[in-house]
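Asker: Please work out how this folds:
(chains A and B)
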Amino acid sequence: MSAVRSAKSWGISLALACLLIPPTAAFAASDPLRPQSVRDPRYGAVLFDFYQNHYFDAITRIMVTQQRAPIAAQGADPELLLGSLYLSYGMHDAAAAIFQRLLDGATSPYTHDLAWFYLGKLRYQDEQYAAALTAFQAVGDALPAAKNAERLNLIVNTQLRENKFDEAKKTLEQLKHGGIWREYARYNLGTALIRAKRVKEGAELLNQVAVMDARDEERYALRDEERYALRDKANIALGYASLRDKTLSDPVAAFSRVRLSGPFSSPALLGSGWAYSAQDRPQEGLMPWFELAARPADLASQEALVAIAYTLETLGAPELALSYYQNAIAIYDRERATLDTALSSTSFEELLRASVPASAGGDAARLSLAANFPELPAGKYAYDVVASSEFQKAYRDYRDLHFLKAQVARWQERIPLLHTMLEERRRRYALNVTELSASNYQKRLDTIIAQRAALSAEIATIEGEENTAALADVNERESRRQLLEIKSRLDALPASAMDASAQLKKFRILYGMLQWQLKTEFPQRLWRVKAALRALDHDLEHTSAVQSSLEEIVNMTPLNFAGLAQRITELDQYLKNLSGKLDAAIAGREQYCAKLITGALTARKRQVETYRSRALYAQARLYDQLSHEQNVP
Amino acid sequence: MSPRHFVFYIALFAALGLPLAAAVSADDKLPENTAPKTSAPDEEIQALKAEVLKINRELFMIEEDILYPESTQFTVFVSLDIGDFFALDSVQLRVDDKIVTNYLYTQRELAALKEGGVHRLYLGNLKSGRHEFTAYFIGKGPHGRDYKRGVTKVIDKELTPLFVELKIVDDSGQQQPDFEVAVWDQ
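Answerer: Next comes the predicted model:
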């Protein structure tokens, strides 16, 4: 089997196995809960990581902001996102605690409904169906339509788990516009009803999923693999149900609706052959089986080998049938040998290790198991176990643990760096403190405060004495000085020298004008001076606050250095312990996954051996029959 | 059981069990991505994950505290509102005329910005006092033309963390992008 085909098959199997309720889809960008209105850029930064599937970084950011200064402007959104991310990491307890906390607090109807919805999902995944149902039913009408459809689908599944088929049918009626969720609900309920022997009801529901009209075809574009895969499976289930119950629709028609290029074509071809055979058209039935037998060996094609041989025998061609039995036996022998080799020589643990990328699995990689999963020897037999929820959960944990181990290793590498950085900061701090002391900032600040006090007293005196000249500006002061100097010169002139009455008159006028200006503008000037003083007070207040902060920083920093250094040392030891625990947990998951694969291959080997025994028996019987016919005259 | 019945039942099992197992498991299971009930290893793994996340948070904060103490911490974010008139390629950030970062965006990052994510463009240290801050946005403007616009703001840094958000918004009236700067004091 080529790697491409392997990847495709694995991918599709795995995708289908988790497409019903992918836990991480809870907040997936493609399925937004509601438009994310960002009122705090820190929350926007969380979303930036989240939308790029960097879930670990998103969790870290939320946890850090919650610790430092919670993002209050976004309401419950950060908590909801964190709960959803915990859910995607399989941390059900932590997620449940968040949703419960949200419900205990006063929340909006939207948050209330969403918290109940997620709690329901958690309970459902933990197989606590009664609790899940209670949670789902506590949801009001604030859930977005898509989420509500998912909720109704989960209610259907929960009711099916408890065999409450009629209640599930009623729930399904509420899913009129549920999109793909309605199809899942129909399919799940349909197959469950068939298993419960309510074949007609089940077939009717399956038929609704199995047949797509032209409008549906248009609606579900070809890229919608999920919808088409569901249709294929519904047709296969319907086909086999119809084979069992002749009153149902034509099984050939159901099988023929399955895409030949799709991942479910083999069981459809197998069923198609049997459908023809059941309608006494065995020759037509051989065609799909021949097609199947020509394909690389898989579960259905191996079964087709015996079916072809048996049909040829019933058509009266025992020699040809014998050769097909012989061919089947040879193929089963090869398959048995392949399985033996795989079981005896392959270390599935090693293969699992190889599936973890060098980067230890980015957040995005961990969500697509198929992306790097190794091709297993005889791996086609392990598809079903790999697609099972049990394996998926164990493997997801395995990948998560590897990812977390890589994070721990990254921090372990950085511990010495943290010490170095801290030392550098300590050195710079010492330098800054020395510079600060040398700058005599306190003395300079005290001087300014003293100057301010003197200035304030002077202003009070000016105001008390109404000393208008004190508030003159530079030009006025100069004019006043010049005028007074002229006056003193005029006064000093001998009376006989000249008649200075005109100059004295001019002096009085000019001096009077100046005095008048100073006097009339005194209140405004005084106000301006006081305002400037207030501004100075404000600046001084600010400077004092800065000084206090600075002093606090200066005093606290050495303590912080000591605390940080000690904490880093403690965390280093803690990381070492954690790394050991992670190694043990990884080994445990590895063994568990390997055990599941080994178990599947062993079961398959038993199945091949059973086929082989049957074929050997048929071969012996035909030999007897043919030799008897030859001996009969 | 006749061979025919034998094969038929195998086929039936294959159809009702195996092929459906991918989405709808065998008879005793219902379709779902169900996890087994919480088991001891499961609880242990959950506890381990919680431990790693907690220690990661603590180390992350210690690293930030050492590298970017609160008294000098300065963070610049970039956000995009609609972005119909501007396809962002890169942003250059200068503080006091010194280039502190040049950032080229990937398609994935641009998609995250369009979804409402906010990119933390820069995290660094800034002394308290007045600083001139300039950001240049480079990309394609209306009609696919090369576009480069700068926005400058004088900011006052106190002894508390300072956040600056660079917002690229659409001016529908002018059919042009607009660039705004918002300052957030914590």
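
Asker: going forward, measure contacts between C-alpha atoms and count neighbours the same way
Answerer: Fine.

Asker: Run through the residues that contact the closest residue to chain B within the stretch 401-550 of chain A.
Answerer: For the stretch 401-550 of chain A and chain B, the shortest gap (C-alpha to the nearest C-alpha) falls at A:Leu422, measuring 6.1 Å. With contact set as C-alpha atoms under 8 Å, 6 or more residues apart in numbering or on different chains, A:Leu422 has these partners: A:Phe561, A:Ala565, B:Ile66.

Asker: can you tell me the helix or strand for it?
Answerer: helix A:389-438 (DSSP states H and E).

Asker: What of A:Leu343?
Answerer: helix A:318-345.

Asker: The longest helix seen in chain B: how far from the chain's middle?
Answerer: The helix that spans the most residues within chain B, counting by DSSP state H, is helix B:40-67. The chain centroid and the centroid of helix B:40-67 are separated by 20 Å, computed with C-alpha atoms, centre = their mean, to the nearest Å.

Asker: Export the helix or strand just after it to CSV, keeping only CA atoms.
Answerer: Where DSSP H and E defines the elements, the next helix or strand beyond helix B:40-67 is strand B:73-81. In CSV, the C-alpha atoms belonging to strand B:73-81 read as follows (Å, rounded to 0.1, in the frame of the first residue of the first chain):
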residue,chain,number,x,y,z
GLN,B,73,7.4,47.5,30.0
PHE,B,74,6.2,48.8,26.7
THR,B,75,4.0,46.7,24.4
VAL,B,76,2.8,47.5,20.9
PHE,B,77,-0.2,45.7,19.3
VAL,B,78,-1.5,45.7,15.8
SER,B,79,-5.1,45.2,15.0
LEU,B,80,-7.1,45.2,11.7
ASP,B,81,-10.6,46.3,11.4
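
Asker: re the thing from before, helices or strands next to the helix holding A:Leu343 in the packing?
Answerer: Secondary structure elements in contact with helix A:318-345, counted by 3 or more C-alpha pairs under 8 Å, 6 or more residues apart in numbering or on different chains; DSSP states H and E, are helix A:299-314, helix A:522-631.

Asker: Average pLDDT for the helix or strand just after it, rounded please.
Answerer: Later in the chain than helix A:318-345, the nearest helix or strand by DSSP H and E is helix A:348-354. Regarding helix A:348-354, the rounded mean pLDDT is 75.

Asker: Report the distance from helix A:348-354 to the chain centre.
Answerer: On C-alpha atoms, centre = their mean, the centre of helix A:348-354 falls 26 Å from the chain's centre.

Asker: Ok, stretch A:541-549 next?
Answerer: 45 Å.

Asker: Now look at it and say if it contacts chain B.
Answerer: Yes - under the criterion of C-alpha under 8 Å from any C-alpha of the partner chain, stretch A:541-549 makes contact with chain B via A:Val546, A:Ser549.

Asker: Got the domain ranges for chain B?
Answerer: For chain B, automatic domain parsing gives the domain ranges B:1-34, B:69-185.

Asker: highest average neighbour count across those?
Answerer: domain B:1-34 (a mean of 20; mean count of other C-alpha atoms under 10 Å in any protein chain shown).

Asker: Can you pull the residues of the stretch 301-450 of chain A lying near chain B?
Answerer: Going by C-alpha under 8 Å from any C-alpha, the residues of the stretch 301-450 of chain A near chain B are A:303, A:306-307, A:310, A:384, A:387-390, A:393, A:397, A:401, A:404, A:407-408, A:411, A:418, A:421-422, A:425.

Asker: In PyMOL, how would I select just the buried ones from those?
Answerer: Per 16 or more other C-alpha atoms under 10 Å in any protein chain shown, the buried members of those correspond to this PyMOL selection:
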select buried, chain A and resi 303+306+307+310+384+387+388+389+390+393+397+401+404+407+408+411+418+422+425
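
Asker: May I see the buried residues of the strand or helix carrying A:Phe136?
Answerer: Following DSSP H and E, one finds A:Phe136 within helix A:129-137. Within helix A:129-137, the residues that count as buried by 16+ other C-alpha under 10 Å are A:Tyr129, A:Ala131, A:Ala132, A:Leu133, A:Ala135, A:Phe136, A:Gln137.

Asker: and chain B, which of those reach it?
Answerer: Near chain B, by the rule C-alpha under 8 Å from any C-alpha, you find none of the buried residues of helix A:129-137.

Asker: Those into JSON lines, with extra columns for pLDDT?
Answerer: Shown next, in JSON lines, are these (pLDDT from 0 to 100):
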{"residue": "A:Tyr129", "pLDDT": "93"}
{"residue": "A:Ala131", "pLDDT": "93"}
{"residue": "A:Ala132", "pLDDT": "94"}
{"residue": "A:Leu133", "pLDDT": "94"}
{"residue": "A:Ala135", "pLDDT": "95"}
{"residue": "A:Phe136", "pLDDT": "95"}
{"residue": "A:Gln137", "pLDDT": "93"}
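
Asker: buried stuff in the helix holding A:Leu343?
Answerer: So helix A:318-345, judged by 16+ other C-alpha under 10 Å, has buried residues A:318, A:321-322, A:324-329, A:331-332, A:335-336, A:339-340, A:342-343.

Asker: tell me the angle it makes with helix A:522-631.
Answerer: Counting by axes from the mean of the first three to the mean of the last three C-alpha atoms, to 10 degrees, helix A:318-345 lies at 130 degrees to helix A:522-631.

Asker: Now for residue 135: which residues touch it?
Answerer: I went with chain A, as the question did not name one. A:Trp116, A:Phe117, A:Leu119, A:Gly120.

Asker: hmm, I had chain B in mind actually
Answerer: So B:Ala135 contacts B:Val91, B:Gln92, B:Leu93, B:Arg94, B:Gly150, B:Val151, B:Thr152 (C-alpha under 8 Å, 6+ apart).
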